[in-house]
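> For reference, the sequence and a predicted model appear below.
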Amino acid sequence: EAQVTQNPRYLITVTGKKLTVTCSQNMNHEYMSWYRQDPGLGLRQIYYSMNVEVTDKGDVPEGYKVSRKEKRNFPLILESPSPNQTSLYFCASRSGDSVYGYTFGSGTRLTVV
Amino acid sequence: AQRVTQPEKLLSVFKGAPVELKCNYSYSGSPELFWYVQYSRQRLQLLLRHISRESIKGFTADLNKGETSFHLKKPFAQEEDSAMYYCAFASGSARQLTFGSGTQLTVLP
């Protein structure tokens, strides 16, 4: 089944403890993105990637890092999480020549205490 | 600045009534517009694309370039339509999505 898989689905952590949220897609998509969803703000883009080793900042990149060493994987790294990064995170992918837009993962609910 | 505006955060209608979710965009180029739906904080699912002019689950949306709008409409709302709806456009080198803030639709019995 074609899908975007995120892990973990739920995560509670403490301030300052480094964490990684994984994202993997099995559709050979070139484009991948990370979004955070907050009440009243909708979805805001954190980082995106056009292909392997090509990444760029979105609208709210502060406090986050990403890497794209393989086409299928696009992990989101929080080096020193803070409570204001408590949010629902979505990974998404898209083929470069697709007209169907992005396919989204199931989301990761992160709580930083 | 490029943005998507969904003026209604909450919208309630009765079952069987028509529903219209408003979306206006501000974009200098030719937009690639979408509607996504999210049920109970689950993953976002693509509902409609403006280029296909299709009807999904009874919903339609027409791009009006003069009014820079892409309103979502359904003639007879159903209870299972209750969800969060996001309007978005794609732009940039990776066709990144810019989302509106969303409209929570509740269809009352």
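That came in fine, so what should we check first?
> And B:Gln42, how close does it get to chain A?
7 Å (C-beta to the nearest C-beta, to the nearest Å). Placement of C-beta: from N, CA and C, glycine included.
> nearest spatial neighbour of that residue, skipping sequence neighbours?
Leaving aside its sequence neighbours, B:Gln42 sits nearest to A:Ser106 (C-beta to C-beta, 6 or more residues apart in numbering or on different chains; 6.9 Å).
> show me what contacts the closest residue to A:Gly96 other than its chain neighbours?
Excluding its sequence neighbours, the residue lying closest to A:Gly96 (C-beta to C-beta, 6+ apart) is A:Glu30, at 4.2 Å. By C-beta atoms under 8 Å, 6 or more residues apart in numbering or on different chains, the contact list for A:Glu30 reads A:50-51, A:71, A:94-96, B:94.
> Wait, B:Ala83 touches B:Val37, no?
Yes: at 5.0 Å, B:Ala83 counts as touching B:Val37 under the criterion of C-beta atoms under 8 Å.
> which residues are in contact with the longest strand along chain B?
When chain B is scanned for its longest strand (criterion: DSSP state E), the result is strand B:83-91. Applying C-beta under 8 Å, 6+ apart, the contact partners of strand B:83-91 are A:42-43, A:101, B:2, B:4, B:6, B:21, B:23, B:25, B:27, B:29, B:31-40, B:44, B:47, B:70, B:72, B:96-100, B:102-105.
> can you dump the C-alpha coordinates of that strand into PDB?
The C-alpha coordinates for strand B:83-91 follow below in PDB (Å, rounded to 0.1, in the frame of the first residue of the first chain):
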ATOM      1  CA  ALA B  83     -14.600  17.600   9.800                       C
ATOM      2  CA  MET B  84     -11.900  20.200   9.500                       C
ATOM      3  CA  TYR B  85     -11.500  21.500   6.000                       C
ATOM      4  CA  TYR B  86      -8.300  23.200   4.700                       C
ATOM      5  CA  CYS B  87      -7.800  25.200   1.600                       C
ATOM      6  CA  ALA B  88      -4.300  25.300   0.300                       C
ATOM      7  CA  PHE B  89      -2.200  26.300  -2.700                       C
ATOM      8  CA  ALA B  90       1.000  24.900  -4.000                       C
ATOM      9  CA  SER B  91       4.000  27.000  -5.000                       C
END
